[in-house]
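[1] Provide a 3D model corresponding to the input given below.
(2 chains, ligands or ions: 2)
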Amino acid sequence: MAQILVWADHDGAVLKDATRNAVTAAAQLGAVHVLVAGSGVAGVAQAAAMISGVAKVLVADDAAYAHGLAENVAPLILGLMADHDAFVAPATTTGKNIAPRVAALLDVAQISEILSVEGPKRFTRPIYAGNAIATVESSDAKLVITVRGTAFAKAGDAGSAQIETIGTTGDRGQSSFIGAEVATSERPELTSARVVVSGGRALKDAPTFEQVLFPLADRLGAAVGASRAAVDAGYAPNDCQVGQTGKIVAPEVYIAVGISGAIQHLAGMKDSKIIVAINKDEEAPIFQIADIALVADLFEAVPALTASL
Amino acid sequence: MKIMVPVKRVLDYNVKPRVKADGSGVDLANAKMSLNPFDEIAVEEAVRLKEQGIASEVLVVSVGQAKAQDVLRTALAMGADRAILVQCDTEVEPLAIAKILQVIADDEAPGLILLGKQAIDDDSNQVGQMLAALLGRPQGTFASKLVVEGDHVLVTREVDGGLETLRLSLPAIVTTDLRLNEPRYASLPGIMKAKSKPLATKTPADYGVDVTPRLTTLKVSEPAVRGAGIRVADVAGLVVKLRELGVA
Ligand SMILES: Cc1cc2nc3c(=O)[nH]c(=O)nc-3n(C[C@H](O)[C@H](O)[C@H](O)COP(=O)(O)OP(=O)(O)OC[C@H]3O[C@@H](n4cnc5c(N)ncnc54)[C@H](O)[C@@H]3O)c2cc1C
Ligand SMILES: Nc1ncnc2c1ncn2[C@@H]1O[C@H](COP(=O)(O)O)[C@@H](O)[C@H]1O
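    Ligands and ions are numbered 1, 2, ... in the order given. Sure thing, here's the model as predicted:
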């Protein structure tokens, strides 16, 4: 049976949910080994060992891996690939940063953001902002894959994998972590929320964006998203951007407020179960994919909606 | 310090892609093509570094059909100094692109290589990271800020949780995100000047790179289309619907 190495995405303390989607995809290819690389990651390793379908957790605990620096982590993975047939990473910013570096070191192509596993070496993946779906087959001896989280279910918590500590490849001394501005919010995480309320350029400025959308999001227990235009204009932080080049979400309900529906935005949310759109322009392209459409001025409609929920 | 900027010619972002009826790919015949938007941002950043006196020369490189000359001329009109077209009529995968760029980088010894984070046609998001691996150099992907300080560069990255800053020793590879800058439009004098800037044409064989694809595309299909929805008359109607869905 093929052996698959899955990258565990985490922030040093908490295992990211995207790892569970990647495990589901990887399990279709062979026996799943999860790599937890970081500093002080015993807790993360334990969480990984509980994921259903995981056969083994490999832990590399070293300060050099603390911030997932690709220069340090790629040689570690390269070494492990001697005993594995595929490297699978969630298509998070960490996974996207590391996986191609590994692929090049292995001299294999990477298959980005797979949507389905069609065979041992055959996958579907979106191209052109999801306006086309390509079925591709690899001819390489080993596979390197990133997984689009919204396309695979999250593996459950019924596992009890053994945890094995592995050696370190050390610090290459080429890069170092200086600092982070981490967005903190009481709201659910954007890519795993059940409901998302997203705002666009129509929201005018950051205070207006917050005054109009946050009460609605809080009433619904929703995460807050944004279009690129809203992020570029500083209404919302970059980690809120939904779209082709931002985050991909597929909640049960996506509420687009004052968003026109450019293909780059649709690419990030069109797999939502129910799409609600509020826009004052009845010709707005977002209405072509909305399940529930309200043509209205958002500055009247959204507060009224919040008040009646 | 020399800066190298690899650029790709892609379907313009304003054009809705159409899948060919025979499932062989996306129809690009007569479609408007442009410089990949993330590469425009990379060119802009390189030109700004030159204007600040940090860079001495900006070299742009594209692998593609003869028509990729157009996007190289656009980059030259924005202020790049020199271009290399690596002509190849078949599609080249990210790994082979990275290998070609590796050989050029070995030749040219740029202090910084700026790429887009992703080409908006294949949406691969690979070449920069692959090139960094092949050159054995550090990488700063998805950059929204870049500060060159002596023998290193500080790169602020757009990550899922917010922003993070890394310090990379030079030479380094950086890929651009949307917030790094707002690219300029090429001026008319810029366009005129670009016509006489040097543009060398090469082939993958000149660099000894085998561009045989590792992946076979078996089929390209349309994604599932969403059925038409309903229109509610007012907020009260929307509330009813949301209640039915169990959202509120
Ligand atoms: C390389 C590249 C990558 C990109 N990546 C992304 C991406 O990942 N995500 C993304 O979202 N975009 C992305 N874009 C940008 C995309 O092309 C659009 O420009 C962007 O999505 C538009 O944002 P918007 O809908 O908020 O703004 P607009 O298109 O300006 O739409 C505003 C909407 O608000 C409506 N409106 C105005 N006032 C009111 C009111 N009072 N009440 C109700 N409605 C109102 C208007 O009718 C309009 O439909 C990308 C673009 C490029 C070139
Ligand atoms: N054919 C090409 N020629 C030159 N540079 C390219 C080419 N393809 C991709 N690149 C560069 O690599 C980046 C990432 O592309 P990709 O990995 O294909 O998404 C692009 O933004 C370009 O900077």
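[2] count of neighbours near the closest residue to ligand 2 within the stretch 51-200 of chain A?
    The minimum distance from the stretch 51-200 of chain A to ligand 2, using Cβ to the nearest ligand atom, falls at A:Pro100 (7.3 Å). For glycine as for every other residue, the C-beta is placed from the backbone atoms N, C-alpha and C. When neighbours are counted by other Cβ atoms under 10 Å in any protein chain shown, A:Pro100 registers 33.
[3] in what helix or strand does it lie?
    Following DSSP states H and E, one finds A:Pro100 within helix A:93-106.
[4] now do B:Leu115
    Counting by DSSP H and E, the element that carries B:Leu115 is strand B:112-116.
[5] Contacts made by that strand with the rest, please.
    The set of residues external to strand B:112-116 that reach it, using Cβ atoms under 8 Å, 6 or more residues apart in numbering or on different chains, is B:1, B:3-8, B:36-39, B:41-43, B:45-46, B:49, B:55, B:101, B:105, B:127-128, B:131, B:148, B:153, B:170-176.
[6] Keep only those that also lie close to ligand 2.
    When the contacts of strand B:112-116 are checked against ligand 2 using Cβ under 6 Å from any ligand atom, the ones in range are B:Pro6, B:Val7, B:Lys8, B:Asn36, B:Phe38, B:Asp39, B:Val127, B:Gly128.
[7] What backbone torsions are found at the third one?
    Yep, that's B:Lys8 we're talking about. phi -120, psi 140 (degrees, to the nearest 10).
[8] Contacts only, for it.
    Counting by Cβ under 8 Å, 6+ apart, B:Lys8 touches B:Leu35, B:Asn36, B:Asp39, B:Ser62, B:Val63, B:Gly64, B:Ala68, B:Val71, B:Gly116, B:Ala119, B:Asp121.
[9] Name the residues of chain A found near ligand 1, please.
    Checking chain A against ligand 1 by Cβ under 6 Å from any ligand atom, the hits are A:200-202, A:227-230, A:241-246, A:258-260, A:262, A:264-265, A:268, A:279-281, A:284, A:297-299.
[10] Quick check: B:Ala75 touching B:Arg9?
    No. At 10.7 Å, B:Ala75 does not count as touching B:Arg9 under the criterion of Cβ atoms under 8 Å.
[11] Which one's more surrounded, the two?
    Neighbour totals were compared for B:Ala75 and B:Arg9, and B:Ala75 leads with 30 against 23 (other Cβ under 10 Å).
[12] can I assume the more buried one sits in a helix?
    Yes. Assignment of B:Ala75 by DSSP: H, G, I helix; E, B strand; the rest coil places it within a helix.
[13] which residue sits closest to it in space, ignoring its chain neighbours?
    B:Val60 (4.2 Å; Cβ to Cβ, 6 or more residues apart in numbering or on different chains).
[14] mind listing what the strand or helix carrying that neighbour pairs with, with the direction of each?
    Element membership for B:Val60 (DSSP H and E) is strand B:57-64. Next to strand B:57-64 in the sheet, as set by DSSP bridges, lie strand B:2-6 (parallel), strand B:82-87 (parallel).
[15] Pick the most buried one from those.
    strand B:2-6 (a mean of 26; mean count of other Cβ atoms under 10 Å in any protein chain shown).
[16] what touches both of B:Ala75 and B:Arg9?
    In terms of Cβ under 8 Å, 6+ apart, B:Ala75 and B:Arg9 are both contacted by the residues B:Leu35.
[17] Adding distance to B:Leu245, write the strands paired with strand B:57-64 out as JSON lines.
    Converted to JSON lines, the strands paired with strand B:57-64 look like this (distance: least, Cβ to Cβ, whole Å):
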{"stretch": "strand B:2-6", "distance to B:Leu245": "47"}
{"stretch": "strand B:82-87", "distance to B:Leu245": "53"}
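[18] ok, now which ones touch A:Ala25?
    A:Val88, A:Ile114, A:Val117, A:Ile145, A:Val147, A:Ala151, A:Phe152.
[19] if you skip the residues just before and after it, what's nearest to B:Ala55?
    With Cβ to Cβ, 6+ apart, the residue lying closest to B:Ala55 is B:Leu49, at 4.2 Å.
[20] Quick check on that neighbour: phi, psi?
    Backbone dihedrals for B:Leu49, given as degrees, to the nearest 10, come out at phi -60, psi -30.
[21] For B:Ala66, give me the pLDDT.
    On the pLDDT scale, B:Ala66 is placed at 97.
[22] The closest residue to ligand 2 within chain B pairs with what?
    Nearest residue of chain B to ligand 2, counting by Cβ to the nearest ligand atom: B:Gly116, 2.3 Å away. Bridge pairing for B:Gly116 (DSSP bridges) gives the partners B:Thr176.
[23] Could you check the pLDDT of it?
    B:Gly116 carries a pLDDT value of 98.
[24] quick one, what contacts A:Ile263?
    Contacts of A:Ile263 by Cβ under 8 Å, 6+ apart are A:Ala129, A:Asn131, A:Gln244, B:Lys16.
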